[in-house]
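> okay, structure incoming, though there's no sequence with it:
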């Protein structure tokens, strides 16, 4: 006789911590500069940073791939105000990181590895943030826009359990 057994797994996380964990995973795999990552995470904690992009650039500085993570702080505030300050996740989440984040990272890393691209991280502030003050406190400066090798196309994935966070990958077009 064969007996099948099904087990379920759920874990609860503080919403703010879970948002930060998604960003930390992307940054841990994208930048070796620990001080820069620390300062970016301070910006996320303060809800100043609403988007982080990691670009894969060739030797001439042309972008071939982008991994981005966006945080909608207004939506996050609505969840908190409604008493949804904890989030239940299932076994599809590894160490508090969503499947969507891991899939985007895998694609990004595959392209950067195959093409031998260097990684550059940029961030964008949320609307209403005093950029001069934030730059001064975080030690950031305005970056030049990234130049794509050619046009780009991509995909964006929403994280169902954490819908204020989206992640996506853009790839340079053939041209």
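Cool, got the structure. Not measured: the values here are computed from a predicted model.
> who does the helix ranked longest in the chain touch, helix- and strand-wise?
What stands out as the longest helix in the chain, according to DSSP state H, is helix 99-115. Judged by 3 or more Cβ pairs under 8 Å, 6 or more residues apart in numbering; DSSP states H and E, helix 99-115 is in contact with helix 15-28, strand 49-57, strand 62-71, strand 152-158, strand 165-172. Placement of C-beta: from N, CA and C, glycine included.
> can you put these in a markdown table and add mean neighbour count and distance to residue 114?
Below are these laid out as a markdown table (neighbours: other Cβ atoms under 10 Å; distance: least, Cβ to Cβ, whole Å):
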| stretch | mean neighbour count | distance to residue 114 |
| --- | --- | --- |
| helix 15-28 | 19 | 19 |
| strand 49-57 | 22 | 10 |
| strand 62-71 | 22 | 10 |
| strand 152-158 | 14 | 17 |
| strand 165-172 | 21 | 12 |
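> and the ones you listed: which comes nearest residue 115?
Nearest to residue 115 among the helices and strands packed on helix 99-115 is strand 62-71; the distance by Cβ to Cβ comes to 5.7 Å.
> tell me the angle of the closest one relative to helix 15-28?
170 degrees (axes from the mean of the first three to the mean of the last three Cα atoms, to 10 degrees).
> before we move on, the earlier item: need the helices and strands packed on helix 99-115 in CSV (columns: mean pLDDT and distance to residue 136).
Listed next are the helices and strands packed on helix 99-115 as CSV, based on pLDDT from 0 to 100; distance: least, Cβ to Cβ, whole Å:
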stretch, mean pLDDT, distance to residue 136
helix 15-28, 95, 21
strand 49-57, 97, 15
strand 62-71, 98, 22
strand 152-158, 94, 32
strand 165-172, 97, 27
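> now residue 92, what's its secondary structure?
Here residue 92 is recorded as coil under DSSP: H, G, I helix; E, B strand; the rest coil.
> now do the nearest residue to it once chain neighbours are set aside against residue 105, distance only.
In this structure, residue 92 finds its nearest non-sequential neighbour in residue 99, 4.9 Å apart by Cβ to Cβ, 6 or more residues apart in numbering. Going from residue 99 to residue 105 by Cβ to Cβ, to the nearest Å gives 11 Å.
> so for the two, which residue has more residues nearby?
residue 105 (21 against 15; other Cβ atoms under 10 Å).
> what's the local residue count around the residue nearest to the more buried one when sequence neighbours are not counted?
Distance criterion Cβ to Cβ, 6+ apart; nearest residue to residue 105, sequence neighbours excluded, is residue 29 at 5.6 Å. Burial measure for residue 29: 16 neighbouring residues, criterion other Cβ under 10 Å.
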